[in-house]
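Student: Here's a sequence, model it:
(chains A, B, C and D)
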2 protein chains.
Amino acid sequence: MTSTNGGDTQRTGSDITRSLELLWGEGERPTRGPKPGLTLDRIVTEAVRLADAEGLSAVSMRRLSTELGTGTMSLYRYVPGKGELLDLMLDRVNTVSGESQPPPGGWREAVEAYARETLVLHREHPWLLQVNQARPVLGPGSVGGLERTLSGIESMGLTDPELIGVIVMVEGYVTGVARTQLHEVEATKKSGLSDEAFWEAQYPTLERIMNSGRYPHLAGLSDDAFGRDFDHFEFGLQRLLDGLDVLVAGREAENPDTRKA
Amino acid sequence: MTSTNGGDTQRTGSDITRSLELLWGEGERPTRGPKPGLTLDRIVTEAVRLADAEGLSAVSMRRLSTELGTGTMSLYRYVPGKGELLDLMLDRVNTVSGESQPPPGGWREAVEAYARETLVLHREHPWLLQVNQARPVLGPGSVGGLERTLSGIESMGLTDPELIGVIVMVEGYVTGVARTQLHEVEATKKSGLSDEAFWEAQYPTLERIMNSGRYPHLAGLSDDAFGRDFDHFEFGLQRLLDGLDVLVAGREAENPDTRKA
DNA sequence: ATTTTTCGGGTACGCCGTACCCAATTACCG
DNA sequence: CGGTAATTGGGTACGGCGTACCCGAAAAAT
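Tutor: Predicted structure coming up:
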């Protein structure tokens, strides 16, 4: 059967100001009282490790505390709640490795790189898709990534809203496809059912559908239509880049003098 | 703080065969025993209503049974488990209203319509994004939709894998953007914090970032860069269609005889 | 009337996030 | 040095979740 990916772990009622403090590390260590036995860093690191390895649902306060060898409620000495923990995990993961050096080449290479890196990011941290990214709490990681992407596409010669539009578009496309791909992986992993086994289970139904005559186009598809060897991500990405190219070329034709790069 | 959207409600270990039986309605009513007081249809309808109104997290077996006025465990007489219920909800919602008549016009109009309809679908049923759609259990609704879309784009003159690629691409793009948009709405609804209030809370941080000199491109963006009035969905959709057009035009140039429509 | 089958649903178990406390620890003040 | 204020660790408890396991009631077949 179909699964959802988690409940509604909303970043909802959380304290943004507190998240920001934690993100930019403004915590003044108080002088009195016992030394903390944990660090925020250790908690976030372990939470990310756990999420990567076993999915976001494995990241419960109980489980996390067990993994860290402390009591559950101790975590609340470092993080106000689970929502803020998610904020911290998000920013941790959004910290780009090859930070701050813009990729070489023109905008097409930059967008291509951005798309591929984003896909990889989602592959390495599949739980990203389950986290509400609206209203990102602006941490060092997220901000740095945006700066880098912007620098790569400024040569497109578009307006500022359009530049953001390009980022939204690529981000949307990549996360959408990543979602499909990850659902596939999850389904296989969690059901223990290979793809072949799955379609075999569907086969009788499939045959009835095909033979019903109600779905001629579907029935007319060749066997390789859903084939494994076709790279859907690359196919869509190139179409998308072509589409951006049409726009950029149009702009350059309009005012040839403003061409950059 | 940041939220996830639910746990890992996996369609994982569920019984596909059983889901299929339920979907295509092969249940033989047994002759003995008391008449059922519920119908599967009522359950699914109510579940969808509940999910639409209050989010997928509101759809718990307890809550659902309360809403239906029965005992919680009674639901398990009709549905093997929550996973199968999700399967049924999925197919219910995927049943296209204007079924089976292909949209008029060429492929571009067809893809455009498909994209807009998919976006509307996700707007009406935001919980769709939280449901693992890999390995769709093939119900009447989903199959009908695919057939319709295929009929609209066959005139592109592409290979079968490419046609599927087009669908995957559009679906990916739309769901990706839909995700962003819905996260926005959710964040507002659940935090009770308007967008303005949110960015105000971020303002001190934002100012520090801009003045730090570490993010020149970001700091150089005009005020309207993130403006509300720019329709990101339409912008990206037109680029995407342009990109497909490049491919189609290329194919027509290669072999002009196979041009259709 | 009895048997067989099905339906309704109560109880219980092990998960979850976290509010509320209190004891132990440490540093400062006198 | 003793006392006090601040801070950390973490136990207990509450209300939620999915669902395994059962048993009593209902209805058709015999």
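Student: hey, let's count contacts and neighbours off CA atoms from now on
Tutor: Will do.
Student: From A:Asn94, how far out is the residue of the stretch 51-200 of chain A found nearest DNA strand C?
Tutor: Going by C-alpha to the nearest atom of the strand, DNA strand C is nearest to A:Ser60 of the stretch 51-200 of chain A, at 3.0 Å. When distance is defined by C-alpha to C-alpha, to the nearest Å, A:Ser60 is 21 Å away from A:Asn94.
Student: now swap in A:Leu193 and tell me
Tutor: As judged by C-alpha to C-alpha, A:Leu193 and A:Asn94 stand 32 Å apart.
Student: what does A:Asn132 give?
Tutor: Taken as C-alpha to C-alpha, the span from A:Asn132 to A:Asn94 is 14 Å.
Student: So for these two, which sits in the more crowded spot?
Tutor: A:Asn132 (28 against 20; other C-alpha atoms under 10 Å in any protein chain shown).
Student: so where do the helices sit in the stretch 151-261 of chain A?
Tutor: Ranges of helices in the stretch 151-261 of chain A, per DSSP state H, counting those that start in this stretch, are A:160-191, A:195-211, A:216-219, A:232-254.
Student: Give me the residue ranges of the stretch 51-200 of chain A where confidence is low.
Tutor: For the stretch 51-200 of chain A, the stretches with pLDDT under 70 are A:96-103, A:137, A:140, A:191.
Student: Run through the residues that contact A:Glu147.
Tutor: A:100, B:215-218 (C-alpha atoms under 8 Å, 6 or more residues apart in numbering or on different chains).
Student: Any buried residues in the strand or helix carrying it, and which?
Tutor: Under the criterion of DSSP states H and E, A:Glu147 resides in helix A:140-153. Of the residues in helix A:140-153, A:141-153 count as buried by neighbour count, 16 or more other C-alpha atoms under 10 Å in any protein chain shown.
Student: neighbours around the closest residue to A:Leu146 other than its chain neighbours, how many?
Tutor: In this structure, A:Leu146 finds its nearest non-sequential neighbour in B:Leu218, 7.6 Å apart by C-alpha to C-alpha, 6 or more residues apart in numbering or on different chains. Neighbour count of B:Leu218, defined by other C-alpha under 10 Å: 19.
Student: Quick check, B:Leu218 in contact with B:Ser212.
Tutor: No: shown here, B:Leu218 and B:Ser212 do not form a contact pair, counting by C-alpha atoms under 8 Å, at 11.0 Å.
Student: related to what we said a few turns ago, so which of the helices of the stretch 151-261 of chain A comes closest to B:Ser74?
Tutor: Comparison of the helices of the stretch 151-261 of chain A against B:Ser74 by C-alpha to C-alpha identifies helix A:160-191 as nearest, at 26.0 Å.
Student: Show me the contact partners of stretch A:51-64.
Tutor: For stretch A:51-64, contacts defined as C-alpha under 8 Å, 6+ apart pick out A:6, A:43, A:46-47, A:50, A:71-72, A:75, A:82, A:124-127, A:130, B:7-8.
Student: ok, which of those also contact DNA strand D?
Tutor: Restricting the contacts of stretch A:51-64 to those near DNA strand D by C-alpha under 7 Å from any atom of the strand leaves A:71-72, A:75.
Student: Neighbour count, distance to A:Val170 and secondary structure for these - can I get that in a markdown table?
Tutor: Shown next, in a markdown table, are those (neighbours: other C-alpha atoms under 10 Å in any protein chain shown; distance: C-alpha to C-alpha, whole Å; DSSP: H, G, I helix; E, B strand; the rest coil):
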| residue | neighbour count | distance to A:Val170 | secondary structure |
| --- | --- | --- | --- |
| A:Gly71 | 13 | 43 | coil |
| A:Thr72 | 15 | 40 | helix |
| A:Leu75 | 22 | 37 | helix |
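Student: Please report the distance of the residue in chain A that DNA strand D sits nearest to from chain B.
Tutor: Relative to DNA strand D, the nearest point of chain A is A:Gly37 (3.3 Å; C-alpha to the nearest atom of the strand). Separation of A:Gly37 from chain B (C-alpha to the nearest C-alpha, to the nearest Å): 24 Å.
Student: just A:Val143 next, same as before
Tutor: Distance from A:Val143 to chain B, by C-alpha to the nearest C-alpha: 8 Å.
Student: again with A:Phe226
Tutor: Using C-alpha to the nearest C-alpha, A:Phe226 is found at 6 Å from chain B.
Student: tell me the angle the helix holding A:Glu147 makes with helix A:160-191.
Tutor: Orientation check (axes from the mean of the first three to the mean of the last three C-alpha atoms, to 10 degrees): helix A:140-153 against helix A:160-191 gives 120 degrees.
Student: can you list the residues of chain A near DNA strand C?
Tutor: When proximity is defined as C-alpha under 7 Å from any atom of the strand, chain A approaches DNA strand C at A:31-35, A:58-63, A:72-73, A:81-83.
Student: mind redoing it with 6 Å?
Tutor: Residues of chain A that fall close to DNA strand C, judged by C-alpha under 6 Å from any atom of the strand: A:31-35, A:59-63, A:72-73, A:81-82.
Student: filter those residues to the buried ones?
Tutor: When neighbours are counted using 16+ other C-alpha under 10 Å, the residues of chain A next to DNA strand C contain these buried positions: A:59, A:61, A:81-82.
Student: Tabulate the residues you listed (TSV), appending secondary structure and distance to B:Glu234.
Tutor: Converted to TSV, these look like this (DSSP: H, G, I helix; E, B strand; the rest coil; distance: C-alpha to C-alpha, whole Å):
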residue	secondary structure	distance to B:Glu234
A:Val59	coil	37
A:Met61	helix	41
A:Gly81	coil	38
A:Lys82	helix	35
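Student: Next, give me the two most distant ones among the residues you listed.
Tutor: Farthest pair in these, by C-alpha to C-alpha: A:Val59 and A:Gly81, 12.6 Å.
Student: on that earlier part again, okay, the helix holding A:Glu147 in CSV with CA atoms only?
Tutor: Extracted C-alpha coordinates of helix A:140-153, given in CSV (Å, rounded to 0.1, in the frame of the first residue of the first chain):
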residue,chain,number,x,y,z
PRO,A,140,25.1,30.4,7.1
GLY,A,141,24.7,27.3,5.0
SER,A,142,21.6,28.3,3.1
VAL,A,143,22.6,31.8,2.5
GLY,A,144,26.0,30.8,1.1
GLY,A,145,24.4,28.4,-1.3
LEU,A,146,22.1,31.0,-2.7
GLU,A,147,24.9,33.5,-3.1
ARG,A,148,26.9,31.0,-5.1
THR,A,149,24.0,30.1,-7.4
LEU,A,150,23.2,33.8,-8.0
SER,A,151,26.8,34.5,-9.0
GLY,A,152,26.7,31.7,-11.5
ILE,A,153,23.6,32.9,-13.4
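Student: Hey, what's the angle from it to helix B:195-211? Just curious.
Tutor: Angle, helix A:140-153 to helix B:195-211, by the same axes, to 10 degrees: 70 degrees.
Student: How is chain A partitioned into domains?
Tutor: Split into domains by automatic domain parsing, chain A comes to A:16-90, A:96-258.
Student: helix or strand for A:Arg135, which one?
Tutor: Counting by DSSP H and E, no helix or strand carries A:Arg135.
Student: neighbours around A:Arg179, how many?
Tutor: Residues lying near A:Arg179 (other C-alpha under 10 Å) number 26.
Student: just the one 4 residues further on next, same as before
Tutor: Each residue near A:His183 was counted by other C-alpha under 10 Å, and the total is 22.
Student: Next up, the contacts around it.
Tutor: If a contact means C-alpha under 8 Å, 6+ apart, then A:His183 has B:132-134 as its contacts.
Student: so which of these are also by chain A?
Tutor: By C-alpha under 8 Å from any C-alpha of the partner chain, the members of those lying near chain A are B:132-134.
Student: can you put the residues you listed in TSV and add distance to B:Asp160?
Tutor: Output for the ones next to chain A among the contacts of A:His183, formatted as TSV (distance: C-alpha to C-alpha, whole Å):
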residue	distance to B:Asp160
B:Asn132	25
B:Gln133	22
B:Ala134	20
